[in-house]
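Visitor: sequence below, structure please.
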Amino acid sequence: MSAAANKSTDDENNNNKKQISTEFPFRSNFVEGTPEDVTKAVSGYHRKLQKSNIPKLLIYGEPGALITEPVVDWCVKNLSNLKTVNIGAGIHYLQEDNPHVIGLEIAKWYESIAS
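Guide: Predicted coordinates for the structure are as follows:
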């Protein structure tokens, strides 16, 4: 395959990923396994994260919107090299709910992986 053909395929893959990312909020009333393309993408991300030993930081609030207690529990049980930080009360815009704690926790986490 030529370099031009590879570039075209890479561009198409990137465009598909962007489309899924930008459509997700509008298609997030999931029924088991649907929409199929989003389910496939998210399942792929889960598998890659489970296989990866790169350092991960999960910042969450309570009660949370997307990152709820069952999601945090799944991450703790299934993801290696994961640090979790509960910033307290928060639903969706955690960076607005507690920006200073988030900044400090990111800095502490980064320092721990950089040393």
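Visitor: would you list the phi and psi of Ile59?
Guide: Backbone torsions for Ile59, taken as degrees, to the nearest 10, come to phi -100, psi 130.
Visitor: how about the nearest residue to it, chain neighbours excluded?
Guide: In space, not counting the residues next to it along the chain, Ile59 is nearest to Val85; the distance is 4.9 Å by CB to CB, 6 or more residues apart in numbering. Just so you know, the C-beta spots here come from the backbone N, C-alpha and C atoms, and that holds for glycine as well.
Visitor: next one: the one helix or strand the one you found maps to to chain centre, how far?
Guide: When secondary structure is defined by DSSP states H and E, Val85 falls within strand 82-90. Computed by CA atoms, centre = their mean, to the nearest Å, the separation of strand 82-90 from the middle of its chain amounts to 14 Å.
Visitor: export that strand as CSV, just CAs?
Guide: Once side chains and other backbone atoms are set aside, the C-alpha atoms of strand 82-90 remain, and they are given as CSV (Å, rounded to 0.1, in the frame of the first residue of the first chain):
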residue,chain,number,x,y,z
LEU,A,82,-4.4,3.9,38.6
LYS,A,83,-4.7,6.7,41.2
THR,A,84,-8.2,7.8,42.1
VAL,A,85,-9.0,11.2,43.6
ASN,A,86,-12.4,12.0,45.0
ILE,A,87,-12.8,15.8,45.1
GLY,A,88,-16.0,15.7,47.0
ALA,A,89,-19.3,17.2,45.8
GLY,A,90,-19.5,17.4,42.0
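Visitor: list the contacts of it.
Guide: Counting contacts by CB atoms under 8 Å, 6 or more residues apart in numbering, the residues outside strand 82-90 that touch it are 55-62, 64, 72, 75-76, 94, 97-98, 101-102, 105, 109, 112.
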